[in-house]
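# This is a predicted model, with the sequence first.
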Amino acid sequence: MGEPARVPRSWSTGWPRPRLGLRGRFIAFVSAVVIAFGAVLTAFAVKVQNERLRHELEERSKLLTVVAAANATDAMALLEIGELRQLFLEIRQQENVVDVVAFDEDGRILTDGTLKNPRRHQLVAEGVRRHTASSDALLLEFRGAVVEVTKPVILGARRLGGVTLSYSLTGLAEDQSAFTRRTMLVGAVFASLSLLATALLAAAVTRPLREVTAATRALSRGEAAPPLPVRTTDEVGELAAAFNEMTARLRATTVSRDELDLILDTMGECLVVTGVDGTIRRVNKAACELAGVAEEALVGSNCRRLFRAPAGSQSLLHAATADAMAHGLETALQTAAGEAVPVLVSVAPLATPGEQPRGYVIVAADLSERLRVERQKDEFVTMVHHEVRAPLTAVRGAIGLLSGGVAGQLPDSAKELVAIAQRNAERMERLVADILTARKLDAGRMDFQFLEVEPMALVRQAAEACAAYAGKYGVHIVIEGDLGETRVRVDPDRLIQVLNNVLANAVRFSPPGGTVNLHSSRTGSTVRIAVTDAGPGIPESFRDRVFEKFARADDGSWRHRSGTGLGMSISKAIMEELGGAISFESAVGAGTTFFVDLPAAN
């Protein structure tokens, strides 16, 4: 809670001055007018003064709402619920404030300023949500003796939601009754002072309101609002004190120009701000270093000197529209040495919705390192293909001939060594094949031949292809379920590759003499092939990495059964290309089931 309001003391005596609220001022003013102009004007004067009081109360509620929304913008952008709650708790303590809530762009309440926050995630009224989504103006709604003021909260071009403040107008009826009675009783006494009272009271009432209005307008223009003098202890004085406190907090949370300059200069990406015609107004340190040019040489020149036009665009700025930014544009940054540095660019217009852009913000990231790594990958894959795969095939063939007895009968010790060499050669050949396949998938160079086929035929082919491998482990593959005449549109070879990977995993992790169940079913338009083993299950710590490249669990009893670490990653990529999905369920000590899901063609 904030500090209690200080009561001004008299300059002559030092004692607190008596509080004269708005009610007393308007009673004195209206009494003088009624006595001076007669009973005929009493009803009219009462109406005018009450409308004026109502207007001032509405303006106060609008002002509180605008200030609350301005002060809550940063907290709503960062979803700092605790800071919002503390801010709204202080606003609730303001006189006549019934309720205040903040809600996000979807209309869900973030906080109402209370500690328990019982209305969290509740939806505001549909009309309020639509207003904040489409307008920047205040929305006033009267509900009996309460006025609800809603202010949309906008940060840049982003709508964060809004703030709704409920303000009580119950004092209007009491003021009207008291005003009428006192006008009749003291009218004669104040008749001689009516003209003077009118002038003094009008000045006393309108002066602080004009000051608040001027300060609010300065704040809305992004200028530093001057502190408001707190001359009285009434509602206007309290409002001025609250306004000063809120603007002080807003200034404390606003990034200064020096801090902003430091942030921009420490950015790793290049930042360029231009005018509508492309003239560079500002660049950060990263852009100057990448271009090899001083800031003074770049400012004032056209951005076409710095950036080449992306493919399909007349210039870099033409890639962005008046109300939408362009992401992921690949182009080149021209350096002072004449080199073209590849960069990934985003261009955003400097404009509020519905307005013409005042300029553009260009953010560029250097792609040189990424492209160098990509070239190294391609060179590695080429080396694997030419320098490893061909010799490995020859070695595996020679070992196969030795194992087949081409060189004569081998002694038992030599047979065991040949068998070990053959297994390792086969494993290396699978690893090379997986590396080449993974690279093709990453580069988008994998060819897919889509055909409508019966999935059961592919399931049986995969089971038959894996039967010999399963026999080495003493594991049986059992086919269950029947899809009838169901057909799927897939690349048959790629789907069999996925099923082989999943079946090979299930076989490796099954105990000797165990069974791997291959179950097919259809639910609605989805065909599901489930492969279940009775192995040890996937460790909890490894489940998030099952589909990562070269992922291997750290568990010692689990590690020796792992394959190349690429099979599941390749299977996931292939299933995405086929329009399907692969997932799993596992329980430690109870086995694992992998699910291969595909959309049915019929």
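Cool, the structure landed.

# pLDDT below threshold where in the stretch 1-150 of the chain?
Applying pLDDT under 70 to the stretch 1-150 of the chain flags residues 1-46, 48-50, 53.

# Please, where are all the strands along it?
Listed in chain order, the strands of the stretch 1-150 of the chain (DSSP state E, counting those that start in this stretch) span 97-104, 109-111, 139-143, 146-155.

# Those strands into TSV, with extra columns for distance to Ala240 and mean neighbour count?
Backbone N, C-alpha and C define where each C-beta goes, glycine included. Below are the strands of the stretch 1-150 of the chain laid out as TSV (distance: least, Cβ to Cβ, whole Å; neighbours: other Cβ atoms under 10 Å):
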stretch	distance to Ala240	mean neighbour count
strand 97-104	16	22
strand 109-111	26	23
strand 139-143	23	13
strand 146-155	19	20
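
# correct me, but Ala309 touches Leu316?
Yes - contact criterion Cβ atoms under 8 Å: Ala309 and Leu316 qualify, at 6.0 Å.

# Between the two, which has more neighbouring residues?
Shown here are Ala309 and Leu316; by other Cβ atoms under 10 Å, Leu316 has more neighbours (25 against 16).

# Just the helices from the stretch 151-300 of the chain, written as ranges.
171-186, 194-220, 235-253, 257-265, 285-291, 295-298 (DSSP state H, counting those that start in this stretch).

# Same question for the stretch 351-500 of the chain.
Under DSSP H, counting those that start in this stretch, the stretch 351-500 of the chain gives helices at 368-383, 390-403, 412-443, 455-472, 492-508.

# returning to what we had before: common neighbours of Ala309 and Leu316, please.
Thr331 (Cβ atoms under 8 Å, 6 or more residues apart in numbering).

# residues near Gly292, how many?
Count around Gly292 with other Cβ under 10 Å applied: 14.

# Skipping adjacent residues, who's closest to it in space?
Distances taken as Cβ to Cβ, 6 or more residues apart in numbering place Ala336 nearest to Gly292, at 4.0 Å, with adjacent residues excluded.

# so the one you found is in which element?
Under the criterion of DSSP states H and E, Ala336 resides outside all helices and strands.

# What's the local residue count around it?
Using other Cβ under 10 Å, Ala336 is surrounded by 10 other residues.

# quick one, phi psi at it?
phi -70, psi -20 (degrees, to the nearest 10).

# worst average pLDDT in the helices of the stretch 151-300 of the chain?
Per-stretch mean pLDDT for the helices of the stretch 151-300 of the chain is lowest at helix 171-186 (a mean of 64).

# picking that back up, could you dump the strands of the stretch 1-150 of the chain into JSON lines with distance to Ala457 added?
Converted to JSON lines, these look like this (distance: least, Cβ to Cβ, whole Å):
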{"stretch": "strand 97-104", "distance to Ala457": "52"}
{"stretch": "strand 109-111", "distance to Ala457": "56"}
{"stretch": "strand 139-143", "distance to Ala457": "64"}
{"stretch": "strand 146-155", "distance to Ala457": "58"}
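
# Which one of those strands lies nearest to Leu499?
strand 97-104 (45.3 Å; Cβ to Cβ).

# Name the strands paired with the closest one and say parallel or antiparallel.
strand 109-111 (antiparallel), strand 158-168 (antiparallel) (DSSP bridges).

# Run through the neighbouring helices and strands of the longest helix anywhere in the chain.
Longest helix in the chain by number of residues (criterion: DSSP state H): helix 42-77. With contacts taken as 3 or more Cβ pairs under 8 Å, 6 or more residues apart in numbering; DSSP states H and E, helix 42-77 sits against helix 22-37, helix 81-92, strand 97-104, strand 146-155, strand 158-168, helix 171-186, helix 194-220, helix 235-253.

# Compute the inter-axis angle for the fourth one and helix 42-77.
Computed by axes from the mean of the first three to the mean of the last three Cα atoms, to 10 degrees, the angle separating strand 146-155 from helix 42-77 equals 30 degrees.

# what packs against strand 146-155?
If you count contacts as 3+ Cβ pairs under 8 Å, 6+ apart, strand 146-155 packs onto helix 42-77, helix 126-134, strand 139-143, strand 158-168.

# Recalculate using a threshold of 10 Å.
Under the contact definition 3 or more Cβ pairs under 10 Å, 6 or more residues apart in numbering; DSSP states H and E, strand 146-155 sits against helix 42-77, strand 97-104, helix 126-134, strand 139-143, strand 158-168.

# quick one: which of the ones you listed is nearest Leu367?
Closest among these, using Cβ to Cβ: strand 158-168, at 27.6 Å.

# Just the angle for the closest one relative to helix 126-134, thanks.
140 degrees.

# Let me know the angle separating strand 158-168 from strand 139-143.
Going by the same axes, to 10 degrees, strand 158-168 makes 30 degrees with strand 139-143.

# For strand 158-168, what is the distance to the chain centroid?
Offset of strand 158-168 from its chain centre (Cα atoms, centre = their mean, to the nearest Å): 21 Å.

# Now do the buried residues in that strand.
For strand 158-168, burial by neighbour count (16 or more other Cβ atoms under 10 Å) applies to Arg159, Leu160, Gly161, Gly162, Val163, Thr164, Leu165, Ser166, Tyr167, Ser168.

# ditto for stretch 488-506
Neighbour-count burial for stretch 488-506 [16+ other Cβ under 10 Å]: 488, 490-492, 494-506.

# Next: stretch 264-278.
For stretch 264-278, the neighbour count (16+ other Cβ under 10 Å) marks Leu264, Glu269, Cys270, Leu271, Val272, Val273, Thr274, Gly275, Gly278 as buried.

# which ones are touching the fifth one?
Residues in contact with Val272 (Cβ atoms under 10 Å, 6 or more residues apart in numbering) are 278, 280-284, 287, 291, 298-299, 303, 306-307, 316, 333, 345, 347, 360-364.

# same thing but 7 Å
Contacts for Val272 (Cβ atoms under 7 Å, 6 or more residues apart in numbering) come out as Ile280, Val283, Ala287, Cys303, Leu306, Ile362.

# picking that back up, looking at the helices of the stretch 351-500 of the chain, which has the lowest confidence?
helix 412-443 (a mean of 66).

# Just the endpoints, please. Distance across stretch 582-591?
Terminal residues of stretch 582-591 are spaced 17 Å apart (Cα to Cα, to the nearest Å).

# and that stretch, how far from the chain's centre?
Remark: stretch 582-591 is offset 33 Å from the chain centroid, using Cα atoms, centre = their mean.

# Kind regards, and thank you for your time.
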